[in-house]
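sequence first, then the predicted structure:
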Amino acid sequence: MRFSDLTRSELAALVPELLLCGHLIDRSGMPHLIGAFGREGMRDIAIEEWMGASPVYTRRMQHALGFEADTVETIFKGMQLDIGAPPQFMDFRYRLESPYRGEFWLDHCGALMDVEPMGDDYVTAMCHDIEDPTFDATAIATNRRAQVRPIHRPPRVPTDRHPHCAWTVVVDPSHPELPIPSEALAMGQTRAAVAELSPIDPDEDGRSDYSGPLLDDLRFDEWSRSALVRMAEEICLQGHLLTLSFLRAVRRRTTADEAVAIGHHQFCGIAGLAAERIRALFDLGDDAEALMAVLDLHPASNPRPYVGLAAEVVDDGVRLSIDRACDAVVDGAWLALLGSDDISALDAIARAVNQRFVCRVVEDCDRELVVIVRMGETERPESSDVALTRFSTGAAFEFRDRGVPVEIGARA
């Protein structure tokens, strides 16, 4: 069950799920950074992580969906297809004053709901320290004279203030041209940055690009099947780029062994939660066929031109093989972490389908890693990494139909 095997309606349901799962990567990683480096260390890694990944994948999505320009409208379109802003969970609303001036605000910020119980210091770290440089890094992927500045933001005063935050986005020739972050330049050298993904067929039914007006919401069922396949692939690639940038920032601060350990925790937490949501989305069972379907659609397994992973049902289990020469492993992404010493992320995926599944490495060499998953005798408890990621309100978030999108035009 590859992306290309899904129907248009199935893809339309999967795309927002992938955006949300990409966003929750940080929910699986950040708690371990706090334990290792404290709040300030977590903050600094998050800044480097997003400044590295966002400019690269923002430009990729613009190119893929044909909305490359230097305007604020282009910036807003990119936000709607960014794992930093999954729809509804991070409920971005937009206003255009002119092609080069606009505002956005969050009617609901799921990230704030997760962090607010931790106290104002953590809220300030996220909504001030992290957002200031990373919003600009996202914007300058469109125009290096763009500036994103707060109108108001948390900590909320009063405590129930709505919208949760509001920002202006202005492109002005008088603004200094901001440099491309060094972190983004490093990510630009990865194979992920230049991966060639599935083409979009402009003759299919539905939207094939986003060259038209900015919409207040994206209804994914309005898009063509091939456009949705490409979106899904790009979104998964966003997650890989974010992880590569995350691991690079961690390695700069600690030993290689500790960086790998933190990478395993991050991977395991989001792997299990994403598997659980995909299984529920498609109402899959708890047998080997269901596990293979989850593995095929999982963001860690995609996009296929980048990730060399194959799964097949064998007897009463699943045989999983990872190509050690695939681009994802060469880049050092999640799959590069897996080996005989730790396959906890695969265990988390398998247990999200059936708690009796057990993963066992049967081959680990330079060419490939082969894992067999079979049903064990007893159920095993959920991984502590998955349980830790589950603290996010995004773990149980449900998308809803918000009707017909409205075009957002600049005022005359």
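Now that the structure is in, tell me what you want to look at. Numbers count the residues shown, from 1 in each chain.

and Asp203, what element?
Asp203 belongs to no helix or strand when assigned by DSSP states H and E.

so where's the protein uncertain?
Across the chain, the ranges flagged by pLDDT under 70 are 411-412.

tell me how it divides into domains.
As assigned by automatic domain parsing, the chain contains the domains 3-242+400-408, 266-396.

and Ile200, how far from Met187?
Counting by CB to CB, to the nearest Å, the gap from Ile200 to Met187 is 24 Å. Where you see a C-beta, it was placed from the backbone N, CA and C, and this is true even at glycine.

okay, these two: which has more neighbours?
Shown here are Ile200 and Met187; by other CB atoms under 10 Å, Met187 has more neighbours (25 against 21).

return the backbone torsion pair for that one.
phi -70, psi -30 (degrees, to the nearest 10).

that one contacts Val56, doesn't it?
Yes - using CB atoms under 8 Å, Met187 is in contact with Val56, at 4.7 Å.

quick revisit: possible to save the domains of the chain as a markdown table with distance to Thr255?
Output for the domains of the chain, formatted as a markdown table (distance: least, CB to CB, whole Å):
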| stretch | distance to Thr255 |
| --- | --- |
| domain 3-242+400-408 | 11 |
| domain 266-396 | 15 |
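
closest one to Glu258 among the ones you listed?
domain 3-242+400-408 (6.9 Å; CB to CB).

which residues do Met187 and Val56 both contact?
193, 241 (CB atoms under 8 Å, 6 or more residues apart in numbering).

the strands in the stretch 51-200 of the chain, which residues?
Using DSSP state E, counting those that start in this stretch, the strands of the stretch 51-200 of the chain run over 90-98, 101-109, 146-152, 165-171.

out of those strands, nearest to Ala350?
It's strand 90-98; of these, that one is closest to Ala350 (CB to CB) at 29.8 Å.

which helices and strands does the closest one pack with?
helix 72-79, strand 101-109, strand 407-408 (3 or more CB pairs under 8 Å, 6 or more residues apart in numbering; DSSP states H and E).

for the second one, name the packing helices and strands.
Using 3+ CB pairs under 8 Å, 6+ apart as the contact criterion, the secondary-structure elements in contact with strand 101-109 are helix 72-79, strand 90-98, strand 165-171.

can you give me the angle it makes with strand 146-152?
Orientation note: strand 101-109 sits at an angle of 50 degrees relative to strand 146-152 (axes from the mean of the first three to the mean of the last three CA atoms, to 10 degrees).
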